[in-house]
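S.K.: for reference, the sequence and a predicted model appear below.
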Amino acid sequence: MAMSASALPTPLPWQQPLWQHFLELYRSGRLPHALLLSGPHGVGKQRFAEALLGYLLCASPGDVACGQCHGCHMLASGYHPDLLRVSPEEGKRQIRIDPIREVNAFVAQTAQQGGHRVIVLSPAEAMNVAAANALLKSLEEPGQRTLFLLLADVPSRMLATIRSRCQHWSLPLPEPEQSQAWLTQQLGSREEAEFWYRVSGNLPLLAAELATPESRALRKQLHETFDALVRGAEPVAEAARLDRQSLESILWYGIAWLEDLIRLGLSGESAQLRNPDLLPLYRQAVKNARVQDWFRLLDFAREQRRLLASGGNPNPQLVLEAWLVRWSTLLRS
Ligand SMILES: [Zn+2]
């Protein structure tokens, strides 16, 4: 049973220098027991972490995991006894104390396959204070051949006591040419690659995510919603049509569009827009409202996103309604 090359977790091309650094540390026995991998969403943290844990759980790795051994097969099948992944429960924003108690129990055992044990916490900033405090002891005395991988978009949101116990690796952003070459491979078209790279704000993995059919459909739906608002559609009715589960993505798009609008409103330039296909909508919007009104809407969206990310748990339907009512006021004023 050979594993396909695509299933083998390997670092991304622009992560090679950091990967070489990891190999050096590992081979000289200087790998720290806790790594904080940080960088904006879409930079490739997850991919790097998968390559790294795959390597540590592989019985005979070369420069990457072998893909052939029992360890690699177990990992590919979705379960490995020496790997523990901790994320917020389905539908929740926070990592609470119970899963961290499991981490502590896991760390107290010995590795079943005789190799490394790996604990992945993602996103690490989702740990609430009780969970973070419960993790401290394990982070301090993890035992032999144990690696904690903490993934964070915004490490400043983590407790300083957690951060200080990890070695911090900030993942590199690729050069545009490197990103677009990779994306062209993924999407099968240079033109598509350029478009989604731009929409993503120059984050290649995010670009690949935005180009998936579900994500494209959401963007298209939002575009239609905004066109409808310009024509005078009722915002509360429009909000009811949107999927409240997608609130975070909807706010993300709204923020990106507002930033475009503000850029256009301030400079009159359209060359730098991240969403050039929305120019007609932007022109209408810029005509109808003042730049300071757009800034105020931007503050609102950022605050809602912050609340969502911190587990403040606003009612998604109400947020969607408030969001579209505000847009509609400006688009029609
Ligand atoms: Zn292997």
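M.R.: Structure's in. What do you need? Because the structure is a prediction, the values reported are computed rather than measured.

S.K.: look up phi and psi at Arg85.
M.R.: For Arg85, the backbone dihedrals (degrees, to the nearest 10) come out as phi -110, psi 130.

S.K.: can you classify the nearest residue to it once chain neighbours are set aside by secondary structure?
M.R.: Nearest non-adjacent residue to Arg85, counting by Cβ to Cβ, 6 or more residues apart in numbering: Val120, 4.8 Å away. For glycine as for every other residue, the C-beta is placed from the backbone atoms N, C-alpha and C. Of the three states, Val120 takes strand under DSSP: H, G, I helix; E, B strand; the rest coil.

S.K.: what about this protein, any weak spots by pLDDT?
M.R.: Counting by pLDDT under 70, the ranges of the chain that qualify are 1-7, 311-313, 333.

S.K.: hmm, 80 instead?
M.R.: Residues of the chain that meet the criterion pLDDT under 80 lie in 1-8, 90-91, 110-114, 309-314, 333.

S.K.: how far out from the middle of the chain is the longest helix anywhere in it?
M.R.: Ranked by number of residues, the top helix in the chain under DSSP state H is helix 247-267. Helix 247-267 sits 19 Å away from the centroid of its parent chain (Cα atoms, centre = their mean, to the nearest Å).

S.K.: alpha carbons of it, as PDB, please.
M.R.: C-alpha atoms of helix 247-267 as PDB (Å, rounded to 0.1, in the frame of the first residue of the first chain):
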ATOM      1  CA  LEU A 247     -20.200  35.200   9.100                       C
ATOM      2  CA  GLU A 248     -16.500  35.200   9.600                       C
ATOM      3  CA  SER A 249     -15.900  35.000   5.800                       C
ATOM      4  CA  ILE A 250     -18.600  37.500   5.100                       C
ATOM      5  CA  LEU A 251     -17.000  40.000   7.400                       C
ATOM      6  CA  TRP A 252     -13.600  39.200   5.900                       C
ATOM      7  CA  TYR A 253     -14.800  40.000   2.500                       C
ATOM      8  CA  GLY A 254     -16.600  43.100   3.700                       C
ATOM      9  CA  ILE A 255     -13.400  44.400   5.300                       C
ATOM     10  CA  ALA A 256     -11.400  43.700   2.100                       C
ATOM     11  CA  TRP A 257     -14.000  45.500   0.000                       C
ATOM     12  CA  LEU A 258     -14.100  48.500   2.400                       C
ATOM     13  CA  GLU A 259     -10.300  48.800   2.300                       C
ATOM     14  CA  ASP A 260     -10.600  48.800  -1.500                       C
ATOM     15  CA  LEU A 261     -13.300  51.400  -1.400                       C
ATOM     16  CA  ILE A 262     -11.300  53.600   1.000                       C
ATOM     17  CA  ARG A 263      -8.200  53.300  -1.300                       C
ATOM     18  CA  LEU A 264     -10.300  54.300  -4.200                       C
ATOM     19  CA  GLY A 265     -12.100  57.100  -2.400                       C
ATOM     20  CA  LEU A 266      -8.800  58.600  -1.100                       C
ATOM     21  CA  SER A 267      -6.700  58.300  -4.300                       C
END
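
S.K.: which elements pack onto that helix?
M.R.: Where contact means 3 or more Cβ pairs under 8 Å, 6 or more residues apart in numbering; DSSP states H and E, helix 247-267 is packed against helix 213-230, helix 279-288, helix 291-309, helix 316-332.

S.K.: who are the packing partners of the first one?
M.R.: Think helix 213-230. helix 204-210, helix 235-241, helix 247-267, helix 279-288, helix 316-332.

S.K.: out of those helices, the one nearest the ion is which?
M.R.: Closest approach to the ion among the helices and strands packed on helix 213-230 (Cβ to the ion): helix 204-210, 24.5 Å.
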